[in-house]
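S.K.: What would the 3D arrangement of this be:
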Amino acid sequence: MKKFIQLLPFFVGWALLIASPNFRALGAVNGFVQLMLFTFVVCIPAWRTERMSYVDIGWPWGLVAIGVIALVMGQGDSLRVAMVAGLYIFMGGRMGIFAVKLWHVGALQRELPRYQYQTVRWERAGETHVPLARQVEVLSQGLANASYLSFPAFIIAANPSPSISTVEFLGFGLAAAAFVFESVADIQKVGFIARAKAKGERRSVCNEGLWRYTRHPNYFGEWMVWNGLIVMALPSLVHLFKTEGVILAVLLTVGLGFVSRLLYFTLVYGTGAKPSEYYSVQKRPEYANYQQTTNIFFPGPPRG
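M.R.: Residues are numbered from 1 along each chain as shown. Reported below is the predicted structural model:
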């Protein structure tokens, strides 16, 4: 029972969508699509292989699904709908295509380190039902797509105002800039690995480019993309309070703000920075010094 309690907040978020006349159809369709996607792409493979890495395929393609649903079913201004749907489709598609490539070359035949770390957590906690715990863990990712991670898209896509406000353009610009930041960090990391491999340096630490200022610029960029989406959704809250009951509108607004907290926790503690560094310290002798001189998440000047 305790395992399923961690899923309860996501069911609450999905229930808020279903309770809203504005989002009921969007939430129902998205919930069904995410259920089907995660059942066949993530849950069944995770059960058969005892590996959670299939989340890296299901989660981004779930974001693409949110974008498509908003684009097709959104009743708001067409330009606004296209802007937010495009961000979701582009963001999810980029990660989803990369994950499919990993699967195609056999990289998912071994558990990715960030998911290996979950086994360490279970061992420390004395978990005795690992297969069930694994299913709950991967389901939480799908339920996040079905609930809170769809809030920015659906709230924006329901706004009928014919004029795009300055705040919306700023939010869109922030999300786009953060996406570029994240992409540049990934490109720099790939280039560093290729050069290190050519030199025969297989345990070196990438501390060049954006990686000089934060140990995880890719995760920081991903978080800022979502903050941009939240900023972009702020003007649409006016329409929300005009068409929803006050209590439901307030709860949906809180849920929108919760997106930032959810992504921060995931990218730092859940499947992001902390799990990654658990293995980096063991494999790379210089990584401990890198931790002492470089911020873990928020960019800042190197220390020492």
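
S.K.: So for Leu71, what's the nearest residue that isn't a sequence neighbour?
M.R.: The shortest distance from Leu71 to any non-neighbouring residue, by Cβ to Cβ, 6 or more residues apart in numbering, is to Ala85 (3.8 Å). Where C-beta positions appear, they are placed from N, C-alpha and C, glycine not excepted.

S.K.: didn't the one you found look like it was pressed against Val68?
M.R.: Yes - counting by Cβ atoms under 8 Å, Ala85 touches Val68, with 7.1 Å between them.

S.K.: Tell me which of the two has more neighbours.
M.R.: Set Ala85 next to Val68 and count neighbours by other Cβ atoms under 10 Å: Ala85 wins out with 22 against 16.

S.K.: tell me the contacts of the more buried one?
M.R.: Gly67, Val68, Ala70, Leu71, Gly74, Ala153, Ala157 (Cβ atoms under 8 Å, 6 or more residues apart in numbering).

S.K.: Serialize these to JSON lines and add fields for secondary structure and distance to Thr294.
M.R.: As requested, the contacts of Ala85 are exported to JSON lines (DSSP: H, G, I helix; E, B strand; the rest coil; distance: Cβ to Cβ, whole Å):
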{"residue": "Gly67", "secondary structure": "helix", "distance to Thr294": "34"}
{"residue": "Val68", "secondary structure": "helix", "distance to Thr294": "38"}
{"residue": "Ala70", "secondary structure": "helix", "distance to Thr294": "37"}
{"residue": "Leu71", "secondary structure": "helix", "distance to Thr294": "39"}
{"residue": "Gly74", "secondary structure": "coil", "distance to Thr294": "41"}
{"residue": "Ala153", "secondary structure": "helix", "distance to Thr294": "34"}
{"residue": "Ala157", "secondary structure": "helix", "distance to Thr294": "39"}
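
S.K.: For these, which single residue is the most surrounded?
M.R.: Comparing the contacts of Ala85 by number of neighbours (other Cβ under 10 Å), Ala157 comes first, having 32 neighbours.
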